[in-house]
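Colleague: Structure of the sequence below:
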Amino acid sequence: MSSDPTADPMFQREQDFGDAPTEIRETDHYQHEYVHDFVERWDDLIDWDGRAASEGSFFIDVLKRYGCKTVIDAACGTGFHSVQLLRAGFEVASVDGSPQMLSKAFDNARDRGFILKTVHTDWRWLTRDMVGRYDAIICLGNSFTHIFNEHDRRRALAEFYSMLKHDGILILDQRNYDALLDGKSGGPSHKYYYCGDGVTAEPEHIDEGLARFRYQFSDDGSVYHLNMFPLRKSYVHDLMHQVGFQKVTTYGDFQSSYREQDPDFFINVAEKSYLLEDADEEGEAAKDDSGYSPAVKTAQNYYNSDDADNFYSRLWGGEDIHIGLYQSDDEPVLGASHRTVARMGELAADQLGAQAKVLDIGGGYGGSARYLAEHYGAHVVSLNLSEVQNQRARRQTAERGLDDRVDIVDGDFENIPYADASFDVVWSQDAILHSGNRTRVLDEAVRVLKPGGLFVFTDPMMADGCPSDVLQPVLDRIQLETMGSPGFYRKELTRRGLTERVFEDHTQQVPRHYGGIKRELAAREAELDGHISQTYIANMKKGLQHWVDAGNAGHLAWGIMVFEK
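Modeller: Below is the predicted model:
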C-alpha cells in the first residue's frame, strides 16, 4: 500500500480509467470513480427537491405497508433517502462503500437537522461490520450495478438476506438495462431519478458486460464517468430467488403496470418471509395447495365455471377456443378457428408426421391436438388446467378413435410435467396471456423442446409501442396486470437461443373475431337463457367490446409466431 495520501480515493479529485476505459470491469473500481470533485457535484445531479417531488412517498408507503421500522440504507450516497426516512420516523443505518459519499451524507443530514448513524463497509461483508437484524434494506440509486462479479452479487444478496428479520424486505432498484441493451431506449428521461437541470447523464457505451455512463455538468463543462454492469431484470429476479427471497414484485418508475421498454428504472421489492411454495418471477403470491400460481388458478376457476363452459362450448363450437382466421365478417367462428389450426400446422409441417411428438400447452377442448393427430399422424399431448374442459376433450377424443395418439393431461404450463427435450413441437393458442409469469412459461416451453424443434403459437398481445395505460379495460377483464407483445416474445425467445422463423401478422382478425362473438351472443341470448347467467352475459358483452375497441384503435397485436430451437 502506498504511503502517499493522495493515492487514497478519499483524496483523489480526478477519475482515472486508464487508456482503455471500457476494459475497466472490476467491482472495487467504484471507489476510484467517486472521487472528491464528483461527489461534491452529486447533489446537482440528484436535485433533492426534484427527486422528492418525482418519487413522492413511494418508498415510505412500501415500508409502512410491510410494517417496517428499522432500515439499512445500503447505498446511502449523499444521504437523500436516509434523510427522507429519518424525517418520516424510521430508524436508519446509513451504509456506503465510499468514504467520500458518507462524509457528504453526514454533512447533508446535519444541515437538515439530523445526525446519521453511518457505517463504512462493503456489502459483501455486511454481517461482519454490522450487528442486529433489520426490518428492511434499501439499495437504491442503481448502486447494485457496481458489482461486476456474479459470485460477489450472490454474496451481497446473501448478506442482505442475512441482515433482515424473518419477515423483512429488500428494496433494490436498477436502470432498465433491458431497454438499453435491446436498443429500445436512448437513455434516462430525467423524469424521476436524475432531475438536475444542469447535468446530463447518458450511456456512452453499452454491451452485455458493461454500461459506461457519462455525466456532464453544464456550468463548468466538467465530465465524469461510471462503469457499471448492465443487470437484466429477469437475471436479478433469479439471483434473488436463489439466495432465498421467495416473492419479488417489480415496479417500473413507481408504477405496478408498465411496458417493459418504458421505465427508466425498475424497483424490485423482495420478501424474505417464508412461503409454502416459491413465488413466481413476476411477483405473484405463493402457489396454493393445487400447485398453481394465482394467475393460473384464476384462469382455472374461470374456465371450470358452468357459465364459461357453456359459453365456449355453445358459441365457439366446443372444439377450439382461440381467435380465427376469418374470410368474411359473418363467417362462423368454428370454421375460422379451424383455419387458424390448419395454417399453424402448415407453418410447422416439416416437424410434424407419424413420429412427431407434440405438446399443446393450454389445449382447451383438444381440437388442435385431434387435428394434428388426424392430419399429420402425430402423437400429441394436450396439457390444460381446466378439468371441465379436459373431460369434454377426452370424450371427444375417444369418440373420434384417437386415444392412442392424443393424451389429455391435467396440468400447468408454468410447470410442465415432462423431461427436457421431449417434444418436436411445442404448440400454444391464445393461452400464454393467462399466466402472470410468461417468462416462466417460455422457460418451460424451451426446456421440453428438442434441438431443431419448433415453438409455434398465437397469443393476444399488446402492440409494440402501445401506450401503457390504454389497455386497462382489457386487462381488468382477464384479471391480469400486463400482456405480452411481439417484441417481448422475440426478445425472450431469442435470448433463450431460439431463432425466429416467421411472424404472420393477423392483427386485423382481433376486432373481427371478438366483434363476431359479441354479435352471435346477442343473437342467441334467448336460447342461452338458463344455460348462462345474465350477469355473465352482460359482463361478457362489455369485455368483448373492450377487445373490439382496443383492436380497432391499433393497441393490440395477434398472429402466428414460429421459432426454431
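
Colleague: can you pull the contacts of Arg501?
Modeller: Shown in contact with Arg501 (CB atoms under 8 Å, 6 or more residues apart in numbering): Leu347, Leu454, Val562, Phe563, Glu564. From N, CA and C alone the C-beta is placed, and that goes for glycine too.

Colleague: Now that we have those residues, can you turn them into CSV and tack on distance to Gln472 and neighbour count?
Modeller: CSV is the format used below for the contacts of Arg501 (distance: CB to CB, whole Å; neighbours: other CB atoms under 10 Å):
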residue, distance to Gln472, neighbour count
Leu347, 33, 16
Leu454, 34, 26
Val562, 31, 20
Phe563, 30, 26
Glu564, 35, 20
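
Colleague: Can you tell me which of those residues is nearest Arg490?
Modeller: Phe563 (8.7 Å; CB to CB).

Colleague: My understanding was that the closest one contacts Gly452; is that so?
Modeller: No. Using CB atoms under 8 Å, Phe563 is not in contact with Gly452, being 11.8 Å away.

Colleague: Can you list the buried residues in whichever strand or helix holds Ala369?
Modeller: Secondary structure assigned from DSSP states H and E places Ala369 in helix 367-376. Along helix 367-376, these residues count as buried under the neighbour rule (16 or more other CB atoms under 10 Å): Gly367, Ser368, Ala369, Arg370, Tyr371, Leu372, Ala373, Tyr376.

Colleague: Next: stretch 119-131.
Modeller: Within stretch 119-131, judged by 16+ other CB under 10 Å, the buried ones are Val119, Thr121, Asp122, Trp123, Arg124, Leu126, Met130.

Colleague: ok, for the fourth one, nearest residue in space, not its chain neighbours?
Modeller: It refers to Trp123. In space, and not counting its chain neighbours, Trp123 is closest to Ala156: 4.0 Å by CB to CB, 6 or more residues apart in numbering.

Colleague: Could you list the low-confidence segments of the stretch 1-150 of the chain?
Modeller: Counting by pLDDT under 70, the stretch 1-150 of the chain shows low-confidence ranges at 1-13, 30, 35, 39, 46.

Colleague: In it, what residue spans correspond to strands?
Modeller: Applying DSSP state E, counting those that start in this stretch to the stretch 1-150 of the chain gives strands spanning 70-73, 91-96, 117-120, 134-139.

Colleague: Please compute how far the last one lies from its chain's middle.
Modeller: When distances are taken as CA atoms, centre = their mean, to the nearest Å, strand 134-139 is centred 23 Å away from the chain's centroid.

Colleague: Out of the helices and strands in the protein, which is least certain?
Modeller: helix 294-304 (a mean of 59; mean pLDDT, DSSP states H and E).

Colleague: Quick check: what element follows that one along the chain?
Modeller: helix 306-315.

Colleague: And that following helix, what's buried?
Modeller: By 16+ other CB under 10 Å, the buried positions in helix 306-315 come out as Asp307, Ala308, Asp309, Asn310, Phe311, Tyr312, Ser313, Arg314, Leu315.

Colleague: That helix: what's the following helix or strand?
Modeller: By DSSP H and E, the next helix or strand past helix 306-315 is helix 333-347.

Colleague: Could you tell me the average pLDDT over that following helix, please?
Modeller: In this model, helix 333-347 has an average pLDDT of 93.

Colleague: which residues touch the helix or strand just after it?
Modeller: Next along the chain after helix 333-347, taking DSSP H and E as the criterion, comes strand 357-361. Residues outside strand 357-361 that contact it (CB under 8 Å, 6+ apart): 352, 366, 368-369, 372, 378-383, 413, 416, 418, 422-429, 431-432, 441, 445, 448.

Colleague: Please flag which of the residues you listed sit within strands.
Modeller: His379, Val380, Val381, Ser382, Leu383, Phe423, Asp424, Val425, Val426, Trp427, Ser428, Gln429 (DSSP state E).

Colleague: Now restrict those residues to buried residues only.
Modeller: Buried members of the ones in strands among the contacts of strand 357-361, counted by 16+ other CB under 10 Å: His379, Val380, Val381, Ser382, Leu383, Phe423, Asp424, Val425, Val426, Trp427, Ser428, Gln429.

Colleague: which residues touch the residue lying closest to the fourth one once chain neighbours are set aside?
Modeller: Computed as CB to CB, 6+ apart, the closest residue to Ser382 that is not its neighbour in sequence is Gly363, at 3.1 Å. The contact partners of Gly363, taken as CB under 8 Å, 6+ apart, are Ala369, Ser382, Leu383, Asn384, Ala393, Ile408.

Colleague: isn't the last one right next to Thr397, touching?
Modeller: In this case it means Ile408. Yes. The pair Ile408 and Thr397 qualifies as a contact (CB under 8 Å) at a distance of 6.3 Å.

Colleague: got any residues that touch both of those two?
Modeller: Gly366, Ala369.

Colleague: which of those two has more neighbours?
Modeller: Between Ile408 and Thr397, counting by other CB atoms under 10 Å, Ile408 is the more crowded of the two (27 against 24).

Colleague: For the more buried one, which three-state class applies?
Modeller: strand (DSSP: H, G, I helix; E, B strand; the rest coil).

Colleague: And it, how far from Gly363?
Modeller: Computed as CB to CB, to the nearest Å, the Ile408 to Gly363 distance reads 7 Å.

Colleague: shared neighbours of those two, anything?
Modeller: Counting by CB under 8 Å, 6+ apart, the shared contacts of Ile408 and Gly363 are Ala369, Ser382, Asn384, Ala393.

Colleague: Greatest separation within the residues you listed: which pair is it?
Modeller: Longest span within these, CB to CB: Ala369 and Asn384, 9.6 Å.

Colleague: tell me, what's touching these two both at once?
Modeller: Gly363, Ala393, Ile408.

Colleague: got TSV for these, with pLDDT and distance to Ala538 too?
Modeller: Converted to TSV, the shared contacts of Ala369 and Asn384 look like this (pLDDT from 0 to 100; distance: CB to CB, whole Å):
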residue	pLDDT	distance to Ala538
Gly363	90	29
Ala393	89	29
Ile408	91	32
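
Colleague: Pick out whichever of the buried residues of helix 367-376 sits closest to Gln216.
Modeller: Ser368 (56.7 Å).

Colleague: Report the contact partners of the nearest residue to the closest one once chain neighbours are set aside.
Modeller: Leaving aside its chain neighbours, Ser368 sits nearest to Val341 (5.0 Å; criterion: CB to CB, 6+ apart). Neighbour list for Val341: Asp320, Gly367, Ser368, Tyr371, Gln429 [criterion: CB under 8 Å, 6+ apart].

Colleague: How much space separates the closest residue to Leu164 other than its chain neighbours from Arg512?
Modeller: Nearest residue to Leu164 in three dimensions, chain neighbours excluded: Lys272, at 5.0 Å (CB to CB, 6+ apart). Lys272 sits 49 Å away from Arg512, going by CB to CB.
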